[in-house]
Every structure is written in structure tokens, then in C-alpha cells.
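In: Structure, please.
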Amino acid sequence: MEKVNLTESFALFDDMFSHRIVGEINEMYVKLVKIDTGFIWHSHDWEDEMFFVARGRLTMHFRDRSIEVGPGEFVIVPHGVEHKPEAAEETHIMLIEPKETVNTGGEESDLKHDPSWIEK
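Out: Numbers count the residues shown, from 1 in each chain. Got it, this is the predicted structure:
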């Protein structure tokens, strides 16, 4: 049982779209990721995802609309819903999702990344 400081944890890595695990709860990971451009369209068959914006602005695109998410706000993407996260500037996001979640869903992409525990 230790606290996690998001600002300090985000400062420990610079690469974009590279998920870092900072905690786990009930078979779910708490992950940090930085993005600075658009991701790919994808969905997850079984996993819901929560995107909490710590810094910057996230646009979560859905096929029928887009949602702007600012610092201190989050959006939950239900499983099966096609989505595309995008940021116009460096944006820091905390994700809460099941451990088995693959960041690209079932899509093949150079952006596919296996998460790793953050090194302090």
C-alpha cells in the first residue's frame, strides 16, 4: 500500500503511446500513457476502458460523435464500441482497464504495445 504521484510518475518516461503500469486492482491495471497525435480506430470485445486526463486535452472519437475530455475529466468507453483517441498536444492519460486489454484491440498496428511496470 503506497501512494502514487501522477506528476512524478509521468516524468519517468517520455515515449508516446507506451503504456506504463502504476498499479493493479481487482484484475485491472492502472496505466499511464502519453499521446500527442491520433491513435487508430479500434474496439475491445470484452474490456471496458476508463480514460482520465491528467494533463492536456483528449478527443475521443466515436463513429457517431466526438467527446472533448480536459484535465480532471474522464470518459468510459464500453466494450464493443469502436473508438479513436486523439490529442493535438502532449496529453497525459491514466487508464483503468482489465489486465488482458491490448491497446489496439484486435487491430494490427505499429502502435501495438505490451504494457510494462513503471521503473522508479
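In: the strands in the protein, which residues?
Out: 20-25, 28-35, 49-55, 58-62, 66-69, 74-77, 83-86, 91-98, 116-117 (DSSP state E).
In: To residue 104, which of those strands lies closest?
Out: Distance to residue 104, taken as C-beta to C-beta, is lowest for strand 83-86 among the strands of the chain, at 11.1 Å. Every residue, glycine included, has its C-beta placed from N, CA and C.
In: quick one: low-confidence parts of the chain?
Out: Across the chain, nothing is flagged by pLDDT under 70.
In: Check it and tell me which residue is nearest its centre.
Out: residue 95 (4.4 Å; C-alpha atoms, centre = their mean).
In: Quickly list what that residue is bridged to.
Out: Beta bridges link residue 95 to residue 31, residue 51 when assigned by DSSP bridges.
In: Verify the stated contact: it with residue 50.
Out: Yes. In terms of C-beta atoms under 8 Å, residue 95 counts as a neighbour of residue 50; the distance is 6.6 Å.
In: so what sits against both of those two?
Out: Here residue 95 and residue 50 have no joint contacts, going by C-beta atoms under 8 Å, 6 or more residues apart in numbering.
In: Flag every buried residue along stretch 91-103.
Out: 91-97, 101, 103 (16 or more other C-beta atoms under 10 Å).
In: contacting residues around it?
Out: 6, 10, 17, 19, 22, 24-25, 27-36, 44, 46-58, 85, 111-113, 115.
In: Straight-line length of stretch 74-94, end to end?
Out: 9 Å (C-alpha to C-alpha, to the nearest Å).
In: Go through that stretch and flag the buried ones.
Out: Of the residues in stretch 74-94, those buried (16+ other C-beta under 10 Å) are 75, 77, 83, 85-87, 91-94.
In: Next: stretch 12-19.
Out: Using 16+ other C-beta under 10 Å as the test for burial, stretch 12-19 gives 13, 17-19.
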